[in-house]
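1. How does the following fold in three dimensions:
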Amino acid sequence: MTLEIVDLRGGGAQTRPAPARIALDPDVVGSVRGILGDVRERGEEAVLDATMRFDGADLRGPGLVVSPAERRRSPRWPTERRRCLPWT
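-> Below you'll find the model as predicted:
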């Protein structure tokens, strides 16, 4: 996909281009629909299966729940954001 830079600040006779639609690969669309359908039907079990299949991570032991201690230690969440969360 190529992005075209369009300066809309004025100073020229540029017109806004019509948005282009991206062609989606039908195989990818079918795969994603299958995964979403599986999650709708089987819920967390399907998410755990997909995580193992795509990421190689077996989360069946620890599960999908992040403990309060893990959330507090997370370097991705700055302290000011953590204070806003109900579980901190």
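2. next one: stretch 30-45 to chain centre, how far?
-> 15 Å (CA atoms, centre = their mean, to the nearest Å).
3. ok, residues contacting that stretch?
-> Under the criterion CB atoms under 8 Å, 6 or more residues apart in numbering, residues 46, 47, 49, 50, 64 lie in contact with stretch 30-45. (Each C-beta comes from the backbone N, C-alpha and C, glycine too.)
4. Pull out the buried members of those.
-> residue 46 (16 or more other CB atoms under 10 Å).
5. what's the closest of the contacts of stretch 30-45 to residue 18?
-> residue 50 (36.6 Å; CB to CB).
6. now the helices for this structure?
-> Here the chain has its helices, by DSSP state H, at 26-42, 44-55, 68-73, 79-82.
7. Least confident of these, on average?
-> Among the helices of the chain, helix 79-82 has the lowest mean pLDDT, at a mean of 67.
8. that older thread, with respect to burial, which of the helices of the chain scores highest?
-> Ranked by mean neighbour count, the helices of the chain are led by helix 44-55 with a mean of 13 (mean count of other CB atoms under 10 Å).
9. could you give the angle of that one to helix 26-42?
-> Taking axes from the mean of the first three to the mean of the last three CA atoms, to 10 degrees, one finds that helix 44-55 is oriented at 150 degrees with respect to helix 26-42.
10. Figure out how far helix 44-55 is from the centre of its chain.
-> Worked out by CA atoms, centre = their mean, helix 44-55 lies 15 Å from the chain centre.
11. hang on, the earlier thing: need the helices of the chain in CSV (columns: distance to residue 19).
-> Formatted as CSV, those follow (distance: least, CB to CB, whole Å):
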stretch, distance to residue 19
helix 26-42, 20
helix 44-55, 31
helix 68-73, 39
helix 79-82, 34
